[in-house]
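Asker: after the sequence you'll find the predicted model.
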Amino acid sequence: MHVMLKRTIAAFTMAALFLATACAGPDQAGNENQNADAPVTATLAGGSPTGMLFLVCSGVSECVGRSYPGSSITIVPGGVAANVIRISNGEVDAGMAHSAMLFAAADGLAPYDEVLDNTATIAGLYPSTYQIIMKEELGVSSFGEIIEKKMKVRISIDQPGSSTAVAFERLLTQYGVDRMEFEAWGGSILQKNQEDSASMLRDGLIDGYAMQTLCPARSIQENEVGNELVMLAIEPDIITGMIDDFGYAPTVIGKGVYGFMISDIDTFYTSTVLTVPADASEELAYKLARSLVENLDYLRQIHIGLSDLTPLSMTQDLGAPLHPGAEKYYREIGILD
């Protein structure tokens with residue numbers, strides 16, 4: 001009787017647990033909302049500790065912490081081109097990338113030597129505008145003039161493998177030349193980071209530099225003091241080629257953006273996008289998207305380049321599909337149909 005009583009109690013207990021679980025709904029049984037308010041723990045790949053990417057990553061981390069108290073976001077150095085590899089390989093939980101780099105990775109185009117398609121997006125945060133400044137004394141107004149006249153200019157294009165450097169090589173291709181030709185006629189291409197490039201211009205060691213970042217860029221603003229500068233335009237047909245071949249988008253740098261600009265300048269941009277592995281959990285993607293939207297007022301204050309950020313713009317010009325978890329959130333708030 002004692003054994004039978006134990007078995008009866010055990011059977012009753014199991015049945016009760018099964019019934020409770022079956023009636024509990026997705027919060028307890030299906031895991032759908034089981035961790036709805038749980039803190040987020042993730043590694044986020046950014047950029048240089050002194051650059052804009054790190055600042056934005058810090059803002060993203062703050063947003064997550066505000067929406068999910070107790071969260072732990074570890075920001076690690078990186079770059080918008082290299083981050084795509086790390087994200088696709090699952091080496092980090094999330095990272096900042098450029099839409100043009102995601103576009104290239106999906107087709108295995110340079111700077112990638114294989115298809116990297118394990119990427120999905122959470123939000124486009126700001127446009128990284130391609131900007132080429134030169135000393136006014138050179139007497140040029142567009143990059144095409146430098147190519148056409150085969151000018152012996154010294155230009156820094158950021159570090160090897162950076163989004164800026166990749167775009168510069170692509171620009172040369174659109175103009176029908178390559179790096180070897182540029183240097184053969186006496187031009188000089190250096191690959192220094194943005195801070196070093198700005199210092200070298202001030203010291204007269206280079207004639208100009210390129211950068212792909214928020215507009216206005218701090219280093220250019222700082223170089224306005226004591227230097228006569230000009231922002232080079234990119235010819236319309238070249239911009240079209242950059243759009244069609246590499247996934248960039250057209251934009252205009254308004255004449256009021258920098259004090260030395262006297263007219264609008266045509267160029268192109270790529271979106272800076274918060275990206276995750278395509279196989280990341282729906283929970284992580286959902287929470288990242290929700291954190292950004294819920295703290296949008298804070299996020300807009302980080303830099304003037306983010307001041308026009310909206311939930312709708314966060315879903316546009318991404319370079320890779322939205323992660324289903326992020327898409328689910330945007331649908332819930334009515335941004336997507």
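Answerer: In hand now; what should we look at? Note that this is a predicted model, so its numbers are computed, not measured.
Asker: would you mark the buried spots in the helix or strand harbouring Thr272?
Answerer: Taking DSSP states H and E as the criterion, Thr272 maps to strand 265-277. Using 16 or more other Cβ atoms under 10 Å as the test for burial, strand 265-277 gives Ile265, Thr267, Phe268, Tyr269, Thr270, Ser271, Thr272, Val273, Leu274, Thr275, Val276, Pro277. For the C-beta atoms, the positions are set from N, CA and C on the backbone; glycine is no exception.
Asker: before we move on, what's the pLDDT of the fourth one?
Answerer: Tyr269 is assigned 95 on the pLDDT scale.
Asker: got the contact list for whichever helix or strand Val64 is part of?
Answerer: Element membership of Val64, judged by DSSP H and E, is helix 52-67. Residues from elsewhere that reach helix 52-67, judged by Cβ atoms under 8 Å, 6 or more residues apart in numbering: 40, 42, 44, 46-48, 71, 73, 75, 77-80, 96, 125-126, 213-214, 272, 274, 287-288, 290-292, 294-295, 298-299, 302-303, 306.
Asker: re earlier: next, the angle from the next helix-or-strand element following the strand holding Thr272 to helix 52-67.
Answerer: Next in sequence after strand 265-277, counting helices and strands by DSSP H and E, comes helix 282-294. On the basis of axes from the mean of the first three to the mean of the last three Cα atoms, to 10 degrees, helix 282-294 is oriented at 100 degrees to helix 52-67.
Asker: what comes into contact with the helix or strand immediately after helix 282-294 in the chain?
Answerer: Heading C-terminal from helix 282-294, the first helix or strand you meet, by DSSP H and E, is helix 296-300. For helix 296-300, the external contacting residues (Cβ under 8 Å, 6+ apart) are 59-60, 62-63, 66, 125, 292, 306-311.
Asker: those residues: which two are farthest apart?
Answerer: Using Cβ to Cβ, the contacts of helix 296-300 reach their maximum pairwise distance at Arg66 and Asp308, which is 21.2 Å.
Asker: can you get me a residue count around the nearest residue to Glu282 once chain neighbours are set aside?
Answerer: Nearest residue to Glu282, sequence neighbours excluded (Cβ to Cβ, 6 or more residues apart in numbering): Gly325, at 3.7 Å. Using other Cβ atoms under 10 Å, Gly325 has 21 other residues around it.
Asker: cool, Ser72 as well?
Answerer: There are 12 residues near Ser72, going by other Cβ under 10 Å.
Asker: hang on, the earlier thing: drop anything exposed from the contacts of helix 52-67.
Answerer: Buried residues within those, counting neighbours by 16+ other Cβ under 10 Å: 40, 42, 44, 46-47, 71, 73, 75, 78-80, 96, 125-126, 213-214, 272, 274, 287-288, 290-292, 294-295, 299, 302-303, 306.
Asker: mind listing the helices for the stretch 151-300 of the chain?
Answerer: Here the stretch 151-300 of the chain has its helices, by DSSP state H, counting those that start in this stretch, at 163-174, 179-184, 194-202, 218-223, 236-246, 282-294, 296-300.
Asker: tell me the buried residues in the fifth one?
Answerer: Put plainly, it is helix 236-246. Result for helix 236-246 [16+ other Cβ under 10 Å]: buried residues Ile238, Ile239, Gly241, Met242, Phe246.
Asker: likewise for the third one?
Answerer: Neighbour-count burial for helix 194-202, counted by 16+ other Cβ under 10 Å, picks out Gln194, Asp196, Ser197, Ala198, Met200, Leu201.
Asker: the strands in the protein, which residues?
Answerer: Taking DSSP state E, the strands of the chain run over residues 41-45, 72-76, 94-98, 119-135, 154-156, 188-190, 208-213, 229-231, 249-253, 265-277.
Asker: redo those as CSV? Include distance to Ala165.
Answerer: Formatted as CSV, these follow (distance: least, Cβ to Cβ, whole Å):
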stretch, distance to Ala165
strand 41-45, 18
strand 72-76, 21
strand 94-98, 12
strand 119-135, 11
strand 154-156, 10
strand 188-190, 9
strand 208-213, 8
strand 229-231, 19
strand 249-253, 19
strand 265-277, 13
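Asker: coming back round to it: looking at Arg66 and Asp308, which is more packed in?
Answerer: Arg66 (13 against 10).
Asker: pLDDT averaged over stretch 57-72 - what is it?
Answerer: pLDDT averaged over stretch 57-72 gives 97.
Asker: may I see the buried residues of stretch 220-231?
Answerer: Result for stretch 220-231 [16+ other Cβ under 10 Å]: buried residues Ile220, Asn223, Asn227, Leu229, Val230, Met231.
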